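**Student:** Return a 3D structure for these sequence lines:
(one chain, ligands or ions: 2)
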Amino acid sequence: MTRSVSILGATGSVGQSTLDLVLREPNKFDVVALTAHRDVAGLAKAARATNAKLAVISDPTLHGALVDALSGTNTEIASGDEAVTDAACRDADWLMAAIVGCAGLKSTMAALKCGRTVAFANKESLVSAGSLMISAAEASGATLLPVDSEHNAIFQCLAGNSAKTVRKIVLTASGGPFRTSTLEQMAAATPETAVKHPNWSMGAKISVDSATMMNKGLELIEAHYLFATESARLGVLFHPQSVVHSMVEYIDGSVLAQMGSPDMRIPIASTLAWPDRMETGAEPLNLAAIGRLDFEEPDLARFPALTLARDALEAGGARPAVLNAANETAVAAFLARRIGFLAIADVVKAVLDRYDPADPATIEDVLAIDAEARRVAETAMKGLTA
Ligand code: NAD
Ligand code: MG
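**Tutor:** Ligands and ions are numbered 1, 2, ... in the order given. Have a look, this model is predicted:
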């Protein structure tokens with residue numbers, strides 16, 4: 001039986017890994033819709049390779065370029081943000097939500113409202129609108145399959161167990177490129193050194209988040225919503241080998257961990273084939289070659305983003321949306337060499353100190369909070385230099 005699939009953010013790191021899996025077993029999958037922001041060539045290549053029914057470029061000024069790039073194919077072409085949201089609702093058995101940032105909020109939400117089976121990579125939208133998204137999924141009967149390697153690990157460790165018997169969930173973190181760096185060394189970080197992740201190859205934004213540890217902070221909030229678990233029962237451990245992707249501790253003292261090579265095709269495949277399994281081409285895990293697995297407490301003094309995120313999670317309401325928008329703005333500024341590495345967390349803190357809106361009741365409220373938090377972040381960054 002074939003499975004019809006759509007990929008939002010098909011040209012990104014997660015999108016490309018997803019396409020790699022789909023093309024591994026082309027007879028098993030029918031590609032419905034692929035979307036990208038500005039990478040016309042990448043989108044056209046993916047649409048040709050998969051014979052996609054629909055290709056959407058979200059930047060409308062690139063419509064003509066996509067028409068040219070897909071000439072001679074039967075692929076339908078659309079452009080603009082609304083077309084991305086429409087693509088999310090096209091009938092498909094499985095949808096990958098892999099747009100980066102809050103830019104993915106509307107389309108991911110649309111897929112959930114349509115009751116789709118959503119492989120969920122777009123963590124920023126869940127951080128910003130977690131309660132609304134989970135309620136929408138419950139109302140429509142949508143299925144959420146976590147793609148983030150930690151959450152996918154937890155999902156696998158929870159299978160077949162009662163949620164009532166979970167004592168604790170522990171997210172592992174590699175520690176990123178600056179795990180053992182001094183604050184002085186971190187102050188001198190550049191976009192090049194910050195995106196050089198020791199174990200994973202990922203998009204630029206999440207790579208910077210992994211260097212500040214904001215990624216783990218966002219993941220704590222993500223875990224809170226995905227697994228209905230409060231902050232006190234969510235832990236973080238540094239684990240530099242990135243072999244244990246996360247763990248679940250049960251009331252009887254059993255700790256279940258999921259392990260594997262650090263290759264995103266593994267968690268993606270577990271959602272793509274779910275509830276079955278499929279081959280991925282990932283390097284088999286060789287524990288004898290790795291030799292040892294280390295674990296250590298994170299250093300909160302050098303990684304203040306973890307505390308900022310945990311505080312936002314515990315405060316709830318609009319705090320996670322403000323945190324996320326401030327972080328997206330600060331990371332973009334760091335990548336553009338407008339601010340230094342350590343300023344990222346300072347800017348996020350400044351925005352949280354200055355802007356404390358009421359709880360969002362709708363997605364429009366979340367988008368308005370997101371926009372205002374970005375403005376406050378721009379103000380907070382005035383006068384800063386890299
Ligand atoms: P990426 O930057 O490599 O790709 C992002 C994708 O989103 C691209 O296809 C791009 O065209 C699209 N996009 C960007 N801005 C857009 C906009 N304004 N409107 C519409 N589309 C837009 O990012 P990535 O590393 O693949 O990450 C995607 C998501 O998955 C993120 O939320 C990230 O946190 C999460 N994630 C990634 C990894 C990883 O290994 N890369 C692991 C876990 C979770
Ligand atoms: Mg992760």
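**Student:** Can you give me the neighbour number for the nearest residue to T193 once chain neighbours are set aside?
**Tutor:** The shortest distance from T193 to any non-neighbouring residue, by Cβ to Cβ, 6 or more residues apart in numbering, is to P177 (6.4 Å). Using the backbone N, CA and C atoms, a C-beta is placed for each residue, glycine as well. The number of residues packed near P177 is 19, by other Cβ atoms under 10 Å.
**Student:** now do L272
**Tutor:** Count around L272 with other Cβ under 10 Å applied: 25.
**Student:** What pLDDT is listed against L285?
**Tutor:** As predicted, L285 sits at a pLDDT of 98.
**Student:** Count the residues that sit near it.
**Tutor:** 14.
**Student:** my guess is it meets P262, correct?
**Tutor:** No. With contacts counted by Cβ atoms under 8 Å, L285 stays clear of P262, the gap being 9.7 Å.
**Student:** who touches both of these two?
**Tutor:** The contact sets of L285 and P262 overlap at V243 (Cβ atoms under 8 Å, 6 or more residues apart in numbering).
**Student:** Can you tell me the element the residue nearest to T193 falls in?
**Tutor:** Following DSSP states H and E, there is no helix or strand that holds P177.
**Student:** Quickly find the element holding L256.
**Tutor:** Going by DSSP H and E, L256 is in strand 255-259.
**Student:** which parts of that strand are buried?
**Tutor:** Under the neighbour-count criterion of 16 or more other Cβ atoms under 10 Å, strand 255-259 has 256-259 buried.
**Student:** Could you check how far that strand is from the centre of its chain?
**Tutor:** 21 Å (Cα atoms, centre = their mean, to the nearest Å).
**Student:** Report the contact partners of the residue of the chain positioned farthest from its centre.
**Tutor:** Of all residues in the chain, G72 has its C-alpha farthest from the mean position, at 34.6 Å, by Cα atoms, centre = their mean. Contacts of G72 were listed using Cβ under 8 Å, 6+ apart, and none were found.
**Student:** what kind of secondary structure is it in?
**Tutor:** Classification of G72 using DSSP: H, G, I helix; E, B strand; the rest coil returns coil.
**Student:** State the distance from it to ligand 1.
**Tutor:** Using Cβ to the nearest ligand atom, to the nearest Å, we find G72 at a distance of 23 Å from ligand 1.
**Student:** again with D30
**Tutor:** In terms of Cβ to the nearest ligand atom, D30 sits 20 Å off from ligand 1.
**Student:** what about the nearest residue to L272 once chain neighbours are set aside, is that helix, strand or coil?
**Tutor:** Nearest residue to L272 in three dimensions, chain neighbours excluded: L21, at 5.7 Å (Cβ to Cβ, 6+ apart). Put simply, L21 is helix when judged by three-state DSSP.
**Student:** What is the neighbour count of S135?
**Tutor:** 12.
**Student:** quick one: pLDDT of it?
**Tutor:** In this model, S135 is scored at 97, pLDDT.
**Student:** residue ranges for the helices of the stretch 51-200 of the chain, please.
**Tutor:** 63-69, 81-89, 105-113, 123-140, 149-158, 183-187, 191-194 (DSSP state H, counting those that start in this stretch).
**Student:** okay if I get the ones you listed as TSV plus distance to ligand 1?
**Tutor:** Formatted as TSV, those follow (distance: least, Cβ to the nearest ligand atom, whole Å):
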stretch	distance to ligand 1
helix 63-69	12
helix 81-89	6
helix 105-113	8
helix 123-140	5
helix 149-158	6
helix 183-187	21
helix 191-194	14
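**Student:** of those, which approaches ligand 2 most closely?
**Tutor:** helix 149-158 (4.8 Å; Cβ to the ion).
**Student:** From the rest of the structure, what touches that closest one?
**Tutor:** With contacts defined as Cβ under 8 Å, 6+ apart, helix 149-158 is touched by 120, 145-146, 166, 169, 171-172, 219, 222-223, 226-227, 244-248, 256-258, 262, 264, 266-267, 270-271.
**Student:** hmm, stretch 12-26 in reach of ligand 1?
**Tutor:** Yes. Using Cβ under 6 Å from any ligand atom, we find that stretch 12-26 touches ligand 1 at 12-15.
**Student:** between those, which is nearest ligand 2?
**Tutor:** Nearest to ligand 2 among those, with distances taken as Cβ to the ion, is V14, at 10.6 Å.
**Student:** who are the neighbours in contact with that closest one?
**Tutor:** By Cβ under 8 Å, 6+ apart, the neighbours of V14 are 96, 98, 121, 147, 203, 264, 268.
**Student:** Ligand 1 next: which of these are close?
**Tutor:** Okay, of these touching ligand 1 (Cβ under 6 Å from any ligand atom), that's 98, 121, 203, 264.
**Student:** Compare those and tell me which is most surrounded.
**Tutor:** Using other Cβ under 10 Å as the neighbour criterion, A121 leads the ones next to ligand 1 among the contacts of V14 with 32 neighbours.
**Student:** Find me the pLDDT at that one, would you?
**Tutor:** On pLDDT, A121 comes in at 98.
**Student:** distance of it from M96?
**Tutor:** Distance, A121 to M96, using Cβ to Cβ, to the nearest Å: 7 Å.
**Student:** Overlap in contacts, the two.
**Tutor:** Both A121 and M96 are contacted by 9, 14, 147, under the criterion Cβ under 8 Å, 6+ apart.
**Student:** want to try a markdown table for the residues you listed, with pLDDT and distance to A194 as columns?
**Tutor:** Shown next, in a markdown table, are those (pLDDT from 0 to 100; distance: Cβ to Cβ, whole Å):
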| residue | pLDDT | distance to A194 |
| --- | --- | --- |
| G9 | 98 | 22 |
| V14 | 98 | 19 |
| V147 | 98 | 23 |
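**Student:** Which pair in the residues of stretch 12-26 next to ligand 1 has the greatest spatial separation?
**Tutor:** The largest separation in the residues of stretch 12-26 next to ligand 1, counting by Cβ to Cβ, is between S13 and G15 at 7.2 Å.
**Student:** higher neighbour count, these two?
**Tutor:** G15 (27 against 19).
**Student:** What pLDDT is listed against the residue nearest to T193?
**Tutor:** Value for P177, per-residue pLDDT: 96.
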